[in-house]
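In: okay, sequence plus prediction incoming.
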There are 2 protein chains.
Amino acid sequence: MENIKVGIWGFGAMGSGMAKMLLKKKGVEIVGVCDRHDTRVNKSIFEVLNVEKGDSPEVKITPEIDDVINMKPDIALVATDSFTRKTFPKLKLLLENKINIISTAEEMAYPKAQDPELAKELNEIAKANGVSVLGTGINPGLIMDLLVVCLTGCMTEVEHIEAERVNSLSPFGEAVMEEQGVGITVEEFEKGVEDGSLAGHVGFAESIKMIGDAIGWNVEKLDQQMKPIVTSIDRKSPYGFAKAGNVAGVNMTGQGYVDGEVKIDMKHPQQIEPEMEGTHTGDYIRIKGTPEVNMSIKPEVEGGLGTIAMCVNMIPHVINAPAGLKTMIDLPVPRAIMGDMRDLIRK
Amino acid sequence: MENIKVGIWGFGAMGSGMAKMLLKKKGVEIVGVCDRHDTRVNKSIFEVLNVEKGDSPEVKITPEIDDVINMKPDIALVATDSFTRKTFPKLKLLLENKINIISTAEEMAYPKAQDPELAKELNEIAKANGVSVLGTGINPGLIMDLLVVCLTGCMTEVEHIEAERVNSLSPFGEAVMEEQGVGITVEEFEKGVEDGSLAGHVGFAESIKMIGDAIGWNVEKLDQQMKPIVTSIDRKSPYGFAKAGNVAGVNMTGQGYVDGEVKIDMKHPQQIEPEMEGTHTGDYIRIKGTPEVNMSIKPEVEGGLGTIAMCVNMIPHVINAPAGLKTMIDLPVPRAIMGDMRDLIRK
């Protein structure tokens, strides 16, 4: 059997990380990469990744997605956007070329949460072309949604769900520092929230709706808040610096209302060097009901590697899935791939 | 749409617990129950459960499974055995009557681990009759296997897996006290291990093989050990009593070997009143690799309720599944059912 052929669209931290992971796996090969960034375009992926080429076939990064499509990949990993509307034309193009897709766009983890019409259209295009499209990542995708859903599986009744992800932004690069407002003043932060230039965490609507639909709660209202985490001491990370009195990160909170009450409660403070002021990182899921479940993962699952792994590890599930738009609650549980990826493909 | 019709075979702690749970759910009804135990046979399930009948149709517990089969349930919950070989004729009979099945038998969580021939046969019988059969429960079924698999999904590489379940036997009844040797002397315990009359935990082989197959590790050898937990003080639980110097429970350990090394390590001490000697209960999953994952659930998910919930919550997944023998790694993640169960059935 031939190797599974993978195309990659977007070769930033996520796309290039997936490439590195794929190069270590058996039964799979990268057949094309599209990225237009100055520092990468027209270069060999091995040069950009700074890894030995070994026996792998050469792959040059192309600015034209058609070059990747022409290689007829079984699946494309699309790591270019956070929002469904922005990534939609890319996904449509790939689906119409009968290529399965895994998208890192946070909103694509549950696109019907905010854009039911686009979700419906994606489902129809995918079905018409006999392929599947999934959005996933560490969060949304696992920590604050799929893992919550999975843990409710051992409960006879669920009354209230709290998911908290306390993570460090220190491992991340300049782009993330900027998106999350690390180092800016409180006034700048508030302006950024007002004009929408500060993204914060994207995914609460998706996670909350995914949980609600999975367990049969009708989430009638969604709320979210975004507050600065102001540091009282100077904090420095490899790519970030926050002076005392300025912003070290973002505290995002979100709520899903069911029958007029908050039944799904999300807390997600993210900042550089949280330990400097006594904050310990971790992922927490606290579910009230019968029996109660109190889970913690300490420290938190690292976001970058976690997203890379989730996307690559879901490749066989997406190839095997019946055609259409899929979400993490439709497919079998994610799992690491330590053997030959071809062994996981059903005929 | 009609209610989902459920039959139950075995009305002990598990079967009757599932009935209680089902009576609180929408879109589902119990159409028949088979059990031959003196204290239950020919009685109304409502009398045995000590719950109000309300608007529910009457169900009399019958000693003859044919009475249940004649009610044409969509699915049967079979809570009669721990071992595949022992439960096999029951499953075969139901499958041949085109009834989907969820089994509580621990070995049925991954029957090919110890009985690949029977697993193959079950798969063929189920397929020939267009229905599905799944074994599940809290453990095996979730805590020491599916949840482990799920957490590897955010990892690029896995090096070593440790799953530990430290639980209390105090909520359980006399049958469990006897199976686990609670209250007997160390000599009696050792004799029970030798002659096979002490069961201990059934499921390590199933959990280890499930994990191995899911992530692509070839588990070439399985080991397990069973040691008495000797109490230094008198311990008393509702159904158990262990005098100082006698057995308060069982410490089960198991190992899965991959490439000559222990890569899957299981620890499962279970005892009455663990807190009396400073043991805190909990479920722990520690996975070495990239990134590392250290999960804990404290206290442990209660075994009885957890098994009841897992079996009932998997009903829609099993009805929806393509025909055949299924395991938890084949199906979408388990989830609580807080809405109408009929909404979860695909046409």
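Out: Arrived safely. Numbers count the residues shown, from 1 in each chain, chains lettered A, B, ... in the order given.

In: who are the packing partners of the helix or strand bottoming out on mean pLDDT in chain A?
Out: Of all helical and strand segments in chain A, the minimum by mean pLDDT, DSSP states H and E falls on helix A:174-180, at a mean of 86. Helix A:174-180 is packed against no helix or strand, with contacts defined by 3 or more CB pairs under 8 Å, 6 or more residues apart in numbering or on different chains; DSSP states H and E. Where C-beta positions appear, they are placed from N, C-alpha and C, glycine not excepted.

In: would you mind writing the CA trace of it as CSV?
Out: Listed in CSV are the C-alpha atoms of helix A:174-180, where the atom choice follows Å, rounded to 0.1, in the frame of the first residue of the first chain:
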residue,chain,number,x,y,z
GLU,A,174,5.9,37.1,19.0
ALA,A,175,2.6,36.6,17.1
VAL,A,176,0.9,35.2,20.2
MET,A,177,2.4,37.9,22.4
GLU,A,178,0.8,40.4,20.2
GLU,A,179,-2.6,38.6,19.9
GLN,A,180,-2.9,38.2,23.6
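
In: can you mark which positions in it are buried?
Out: Under the neighbour-count criterion of 16 or more other CB atoms under 10 Å in any protein chain shown, helix A:174-180 has A:176-180 buried.

In: how about the helices in the stretch 201-347 of chain A?
Out: Under the criterion DSSP state H, counting those that start in this stretch, the stretch 201-347 of chain A contains helices at A:204-215, A:303-313, A:315-320.

In: any residue of the first one up close to chain B?
Out: Yes. Contact of helix A:204-215 with chain B (CB under 8 Å from any CB of the partner chain) involves A:214-215.

In: average model confidence for that helix?
Out: The average pLDDT within helix A:204-215 is 98.

In: show me what from the stretch 51-200 of chain A comes close to chain B.
Out: Contacts of the stretch 51-200 of chain A with chain B, taken as CB under 8 Å from any CB, map to A:138, A:142-143, A:146-147, A:149-158.

In: next step: these restricted to strands.
Out: Among those, the ones falling in strands (DSSP state E) are A:157-158.

In: looking at the residues of the stretch 51-200 of chain A next to chain B, which is nearest chain B?
Out: Closest approach between these and chain B, by CB to the nearest CB: A:G153, at 2.6 Å.

In: find the nearest non-adjacent residue to that closest one, please.
Out: Spatially, and ignoring its direct neighbours in sequence, A:G153 is nearest to B:P334 (2.6 Å; CB to CB, 6 or more residues apart in numbering or on different chains).

In: contacts only, for that neighbour.
Out: B:P334 makes contact with A:150, A:152-154, B:136, B:142, B:146, B:310, B:313-314, B:317, B:328, according to CB atoms under 8 Å, 6 or more residues apart in numbering or on different chains.

In: and if you look at A:S103?
Out: Listed by CB under 8 Å, 6+ apart, the contact partners of A:S103 are A:78-79, A:87, A:91, A:133-136.

In: would you quantify the distance from it to A:I125?
Out: Taking CB to CB, to the nearest Å as the measure, A:S103 falls 14 Å from A:I125.

In: quick one: the strands in the stretch 51-200 of chain A?
Out: Secondary structure of the stretch 51-200 of chain A, counting by DSSP state E, counting those that start in this stretch: strands at A:61-62, A:75-78, A:100-103, A:132-135, A:157-168.

In: dump those strands to JSON lines, plus mean pLDDT.
Out: Output for the strands of the stretch 51-200 of chain A, formatted as JSON lines (pLDDT from 0 to 100):
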{"stretch": "strand A:61-62", "mean pLDDT": "98"}
{"stretch": "strand A:75-78", "mean pLDDT": "98"}
{"stretch": "strand A:100-103", "mean pLDDT": "98"}
{"stretch": "strand A:132-135", "mean pLDDT": "98"}
{"stretch": "strand A:157-168", "mean pLDDT": "97"}
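
In: which of the buried residues of helix A:174-180 sits closest to chain B?
Out: Taking the buried residues of helix A:174-180 together and measuring to chain B by CB to the nearest CB, the closest member is A:V176, at 16.9 Å.

In: ok, and the closest non-adjacent residue to that closest one?
Out: Nearest one to A:V176, counting by CB to CB, 6+ apart, is A:L169 at 6.1 Å.

In: isn't the one you found right up against A:G249?
Out: Yes. Judged on CB atoms under 8 Å, A:L169 makes contact with A:G249 at a distance of 5.7 Å.

In: neighbour count winner among these two?
Out: Using other CB atoms under 10 Å in any protein chain shown as the criterion, A:L169 and A:G249 rank with A:G249 on top: 29 against 24.

In: okay, now the closest residue to the more buried one other than its chain neighbours: neighbour count?
Out: Nearest non-adjacent residue to A:G249, counting by CB to CB, 6+ apart: A:Q271, 2.6 Å away. Using other CB under 10 Å, A:Q271 is surrounded by 29 other residues.

In: ok, now A:E58?
Out: With other CB under 10 Å as criterion, A:E58 counts 8.

In: which non-adjacent residue is nearest it?
Out: A:S44 (6.1 Å).

In: next, the one you found: phi, psi?
Out: Main-chain dihedrals, A:S44, degrees, to the nearest 10: phi -70, psi 140.

In: contacts only, for it.
Out: Contacts of A:S44 were listed using CB under 8 Å, 6+ apart, and they are A:53, A:58-61.

In: how about the residue sitting nearest the centre point of chain A, what does it touch?
Out: Nearest to the mean C-alpha position of chain A, by CA atoms, centre = their mean, lies A:G137 at 2.8 Å. A:G137 sits next to A:104, A:106, A:109, A:306-307, A:310-311 when contact means CB under 8 Å, 6+ apart.

In: repeat the analysis, applying 10 Å as the threshold.
Out: A:G137 is in contact with A:14, A:79, A:102-106, A:108-109, A:143, A:203, A:303-304, A:306-311, A:314, A:328, B:154, counting by CB atoms under 10 Å, 6 or more residues apart in numbering or on different chains.

In: could you give the backbone dihedrals for it?
Out: phi 160, psi -170.

In: domain ranges for chain A?
Out: Listed by automatic domain parsing, the domain ranges of chain A are A:4-136+A:305-344, A:146-300.

In: any idea how far apart the tips of the first one sit?
Out: Counting by CA to CA, to the nearest Å, you get 11 Å between the two ends of domain A:4-136+A:305-344.

In: distance from the chain centre to that domain, please.
Out: Chain-centre distance of domain A:4-136+A:305-344: 12 Å, with CA atoms, centre = their mean, to the nearest Å.

In: returning to what we had before: so what sits against both of A:S103 and A:I125?
Out: Common neighbours of A:S103 and A:I125 (CB under 10 Å, 6+ apart) are A:88, A:91, A:94, A:133.
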